[in-house]
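> Quick one: sequence and predicted model below, then my questions.
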Amino acid sequence: MELKQARFNMIEQQIRPWDVLDQNVLDLFDKILREDFVSEDYRRLAYADIAIPIGQDQTMMPPRVEARMVQALAIDPTDSVLEVGTGSGYVTALLAAAARHVYSVEIFPELQLQACKHLKKYDITNVTLEEGDGARGWDRHGFYDVIAVTGSLPVLPESFQASLNRGGRLFAVVGEAPVMEAILITRVGNNKFSRETLFETNMTSLINAPVRSEFIF
């Protein structure tokens with residue numbers, strides 16, 4: 001009962017005030033129980049407005065950031081989705097509940113195994129978990145309708161937007177601490193993309209993320 005109230009508070013006091021008003025998105029956060037994707041040590045904090053550690057020096061995004069991301073991506077039931085950074089599998093489950101199929105890549109085998117166990121609890125079958133380094137893109141499944149990058153990138157490799165279908169959407173957090181920009185890129189033509197800044201945040205960087213070139217004179 002305590003966690004149920006905490007989940008309600010998360011939706012009404014964290015997510016909704018952060019301009020997440022899409023009822024389908026709010027329903028996802030009520031349906032998929034965040035406490036099922038954290039360790040027992042953090043179960044009571046599953047709905048807190050914090051980045052929860054999940055091992056390997058990685059963290060879950062705060063719920064309001066996850067919700068803004070899912071809302072911005074406007075996922076359709078026919079969409080093919082790439083997630084870079086499986087982590088706990090929580091965002092994977094959110095994406096899978098909205099999409100046709102999710103390909104999720106994780107560099108840490110320990111986290112991939114953990115996520116696999118979490119997803120099995122929900123009998124989720126439209127997810128392909130893959131181990132690998134997706135920091136510079138992951139084009140092995142062709143083009144995607146949606147790409148969700150769940151760790152930050154100092155610079156955004158062009159390979160990500162190049163992997164979008166026409167009309168496809170890419171969410172990424174770009175920049176360096178302490179202030180980074182969450183952006184949404186949409187492919188509007190063969191070589192045309194629109195870019196929208198959604199909000200400012202600070203997030204753990206992807207392992208092996210490309211860095212900005214510095215010129216020394």
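Yes, it's here.

> Can you give the contact residues for the longest strand that the chain contains?
In the chain, assigned by DSSP state E, the strand with the most residues is strand 164-176. Outside strand 164-176, the residues that touch it by CB atoms under 8 Å, 6 or more residues apart in numbering are 69, 72-74, 80, 143-149, 151-156, 160-161, 180-190, 201, 203, 212. Any C-beta I mention is one placed from the backbone N, CA and C, and that applies to glycine too.

> try stretch 203-216
Contacts for stretch 203-216 (CB under 8 Å, 6+ apart): 51, 57-59, 61, 65, 84-85, 107-108, 133-136, 149, 151-155, 157, 173, 176, 180.

> quick one: contacts for residue 43?
3, 35.

> pretty sure it is in a helix, no?
Yes - counting by DSSP: H, G, I helix; E, B strand; the rest coil, residue 43 is found in a helix.

> C-terminal to the helix ranked longest in the chain, what's the next element?
Criterion DSSP state H: the longest helix present in the chain is helix 109-121. Using DSSP states H and E, the helix or strand that follows helix 109-121 in sequence is strand 127-131.

> show me where the protein has helices.
2-9, 23-31, 63-73, 90-98, 109-121, 158-162.

> possible to save these as a markdown table with mean neighbour count and distance to residue 169?
As requested, these are exported to a markdown table (neighbours: other CB atoms under 10 Å; distance: least, CB to CB, whole Å):
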| stretch | mean neighbour count | distance to residue 169 |
| --- | --- | --- |
| helix 2-9 | 13 | 27 |
| helix 23-31 | 16 | 14 |
| helix 63-73 | 23 | 5 |
| helix 90-98 | 24 | 12 |
| helix 109-121 | 16 | 23 |
| helix 158-162 | 16 | 10 |
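
> For residue 16, find the nearest of those.
For residue 16, the closest of the helices of the chain is helix 23-31, at 6.9 Å, according to CB to CB.

> Name the surrounding residues that touch the closest one.
Residues from elsewhere that reach helix 23-31 (CB under 8 Å, 6+ apart): 7-8, 10-11, 15-16, 20, 63, 66-67, 70-71, 94, 97-98.

> 10 Å - rerun?
4, 7-8, 10-12, 14-16, 20, 22, 47, 63-64, 66-75, 90, 93-95, 97-98, 122 (CB atoms under 10 Å, 6 or more residues apart in numbering).

> Please report how far residue 125 lies from residue 97.
Distance, residue 125 to residue 97, by CB to CB, to the nearest Å: 12 Å.

> which residue is nearest the centroid of the chain?
residue 150 (3.9 Å; CA atoms, centre = their mean).
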